[in-house]
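Asker: Would you be able to build a 3D model of this:
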Amino acid sequence: MGATFWVRYALLLAILWLALPCRAQNVAPASTRTTRILFVLDASGSMRAPWEGQQRWDVAKNLLSKMVDSLNAYPHLELALRAYGHQHENKEQNCEDSKLEVPFAPKNAGAIKARLKTIQPKGNTPITYSLLQSANDFPADKSARNVLILITDGLESCKGDPCATAVALQRKRVFLKPFVIGIGAEREFGKQLECLGQYYNAADVQTFRTILNDVVAQTLAKTTVAVNLTDEQGRPVESNVNMTFQNNVTDQPEYNYVHYRDAQGKPDVLDIDALQSYDLVINTVPPVRQQNLPIRPGRANVLTYKTPQGTLWLQNPNLSPNPYGTVQAVVRAQGSPATVVALSFGARQKLLAGNYEVELLTLPRQVRRIAVKQGQETAVTYEAPGILNIVTDLKGYGSIYKLNNDESQTWVHNLPDGGSSKVNVTMQPGVYRLVFRTKTATGSKFTDVRNFTIRPGQTTSVSIFGR
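Answerer: Purely as a prediction, here's the structure:
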């Protein structure tokens, strides 16, 4: 294998990884949407090995011939055949031995069957190269469903990375999550092929026949999903919530829907392509997540999740004008440092039912522990503030502390460092302490300490004199 191939391989793989797909989401599969199935068939030398009285190759080509025959009259379906390892002997170690033998076309079972009769297994197993080449096999048609079915009895033999390549091609939307059928599995290579896509282990001929039929059935069957969003009692009362079906191979969103239910409480039915594997994110606050969504192809799937919600109201006190201006708050789940949402006072926010801590960014900050209940509104407010007015012409350094009931103190605020101490500070009612040293003082012993009280709607003046 020449250096040219590896240069091309590296460049193409890099492009595939970096490419950003542009695709409209939520286009429901129309009845006329074309499905294209590319069969990528192992024709390497190991396919000559015996398998229940026949060569593996003979079993594979015979079953595949019957399969394409049964699909020939299927509407809006096109098939293609790519083989690898069949043009060069194994001793040549050719890692570009892969060819599109029959391109996509409707009703082309005859062409595929005829070509299968002439192919003879010979050489290497260049799976990575074949996957890369398959990017050119599918016509440029963004509306089509592109499906790749890899049938192999061995692992990559050309030092490529088929798993990274398969993911990159999915990100590029060349094809959906591939099917991989490992045949004659007296060698345990399944775990190394699972990362390629949906892996099936065909240890015997009958299993291979069943799996091939099942894979094609999954490809062609219509699949729907309905999502019930319930309260704590399991009643389907929640709705109007954004839901994201996220491809858990590529981490890209495949579908974004705003949940809907009718007057009888039934959710609407969504067309979902079952050839992907998904994580579902129900975008409540905080979100509800379901990994590896249990969608069964060809079925009317009904999924149910508890998403009971109540409302948090950050209620401004009756002040006009408000000396604080706009006060912010940070909401966290009780016992968790992570921010759930940050809000301004005056806002209402739906939250999942549960226990929360609301940190009010007043001065000083306050933490309120609240319980949000299904269908109820919980209000949080703060007291009308007062104003601290520090009276002095002296510059210096100082801090403000809140005095607690146990006579301990908690830091609240630093005065402008070394600047003028003529300061007005808007503060919550309470008992405080000002600790101040003038800039010209010659020692810590000249620190001035004054206690004061802030009352709602009033100005408290504290005078400081130099010593």
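
Asker: And residue 368, its phi and psi?
Answerer: phi -110, psi 130 (degrees, to the nearest 10).

Asker: Spatially nearest residue to it, not counting backbone neighbours?
Answerer: residue 358 (4.7 Å; C-beta to C-beta, 6 or more residues apart in numbering). Bear in mind the C-beta positions are built from the backbone N, C-alpha and C, glycine included.

Asker: and if you look at residue 72?
Answerer: Per C-beta to C-beta, 6+ apart, closest to residue 72 is residue 109, 3.9 Å.

Asker: Helix, strand or coil: sort out residue 130 for me.
Answerer: Put simply, residue 130 is helix when judged by DSSP: H, G, I helix; E, B strand; the rest coil.

Asker: picking that back up, since we're on the residue nearest to residue 72, how many residues are nearby?
Answerer: The local packing of residue 109 (other C-beta atoms under 10 Å) involves 19 other residues.

Asker: for it, what are its contacts?
Answerer: 68, 69, 71, 72, 79 (C-beta atoms under 8 Å, 6 or more residues apart in numbering).

Asker: helix or strand for the residue nearest to residue 368, which one?
Answerer: Using DSSP states H and E, residue 358 sits in strand 354-360.

Asker: send the alpha carbons of stretch 426-441 over as CSV?
Answerer: The C-alpha atoms that make up stretch 426-441 are tabulated as CSV, following Å, rounded to 0.1, in the frame of the first residue of the first chain:
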residue,chain,number,x,y,z
THR,A,426,-27.9,49.9,49.4
MET,A,427,-28.3,47.1,51.9
GLN,A,428,-30.9,44.7,53.4
PRO,A,429,-32.2,45.5,56.9
GLY,A,430,-30.1,44.2,59.7
VAL,A,431,-27.2,45.0,62.2
TYR,A,432,-23.8,45.6,60.7
ARG,A,433,-20.3,46.6,61.5
LEU,A,434,-18.0,48.9,59.6
VAL,A,435,-14.2,48.4,60.0
PHE,A,436,-12.1,51.2,58.6
ARG,A,437,-8.5,52.5,58.7
THR,A,438,-7.5,55.8,57.0
LYS,A,439,-4.9,55.8,54.3
THR,A,440,-2.6,58.1,56.4
ALA,A,441,-2.8,56.0,59.6
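
Asker: average model confidence for that stretch?
Answerer: The average pLDDT within stretch 426-441 is 93.

Asker: re the thing from before, tell me which strands and helices the strand holding residue 358 is in contact with?
Answerer: strand 309-314, strand 328-333, strand 366-372 (3 or more C-beta pairs under 8 Å, 6 or more residues apart in numbering; DSSP states H and E).

Asker: hang on, the earlier thing: if you look at the contacts of residue 109, which of them are in strands?
Answerer: Under the assignment DSSP state E, the contacts of residue 109 contribute residue 79 to strands.

Asker: can you give me the helices for the protein?
Answerer: Using DSSP state H, the helices of the chain run over residues 3-18, 56-71, 109-118, 127-134, 162-171, 190-193, 205-220.

Asker: right, so the ones you listed: which one is the most enclosed?
Answerer: Highest mean neighbour count among these (mean count of other C-beta atoms under 10 Å): helix 127-134, with a mean of 25.

Asker: which of the contacts of residue 109 sit farthest apart?
Answerer: 69 and 79 (10.6 Å; C-beta to C-beta).

Asker: where in this structure is pLDDT low?
Answerer: Flagging of the chain using pLDDT under 70 yields the residue ranges 1-31, 185-188, 418-421, 465-467.

Asker: How many residues are close by the nearest residue in space to residue 124 that is not next to it in sequence?
Answerer: Nearest residue to residue 124 in three dimensions, chain neighbours excluded: residue 157, at 5.0 Å (C-beta to C-beta, 6+ apart). Using other C-beta under 10 Å, the number of residues around residue 157 comes to 19.

Asker: Ok, residue 300 next?
Answerer: Residues near residue 300, counting by other C-beta under 10 Å: 11.

Asker: Now do the contacts for it.
Answerer: By C-beta under 8 Å, 6+ apart, the neighbours of residue 300 are 224, 226, 269.

Asker: among the residues you listed, which are in strands?
Answerer: Using DSSP E, the contacts of residue 300 in strands are 224, 226.

Asker: coming back round to it: can you tell me how far the residue nearest to residue 124 is from residue 84?
Answerer: 10 Å (C-beta to C-beta, to the nearest Å).

Asker: Can you check which residues contact both of those two?
Answerer: With C-beta under 8 Å, 6+ apart as the test, residue 157 and residue 84 both reach 44, 124, 125, 126.

Asker: Touching, the second one and residue 95? I think so.
Answerer: Yes: contact status for residue 124 versus residue 95: in contact at 6.0 Å, counting by C-beta atoms under 8 Å.

Asker: what's the overlap in contacts for those two?
Answerer: 157, 158.

Asker: Report how many residues lie close to residue 273.
Answerer: Residue 273 - counted by other C-beta under 10 Å - has 18 other residues nearby.

Asker: Then the one 4 residues further on?
Answerer: Under the neighbour criterion other C-beta under 10 Å, residue 277 is assigned a count of 16.

Asker: for it, what are its contacts?
Answerer: Applying C-beta under 8 Å, 6+ apart, the residues near residue 277 are 177, 198, 247, 248, 249, 292, 293.

Asker: And it, how close does it get to residue 291?
Answerer: 10 Å.

Asker: if I look at these two, which residues touch both of them?
Answerer: residue 248.

Asker: Which residue ranges of the stretch 151-300 of the chain form strands?
Answerer: Assigned by DSSP state E, counting those that start in this stretch, the stretch 151-300 of the chain shows strands spanning 179-183, 198-202, 224-230, 242-247, 253-258, 270-271, 278-282, 288-290, 300-306.

Asker: What segments of the stretch 351-467 of the chain are strands?
Answerer: Going by DSSP E, counting those that start in this stretch, the stretch 351-467 of the chain shows strands at 354-360, 366-372, 377-380, 386-391, 396-403, 409-414, 423-427, 430-438, 448-454, 459-463.

Asker: Thanks a lot, see you next time.
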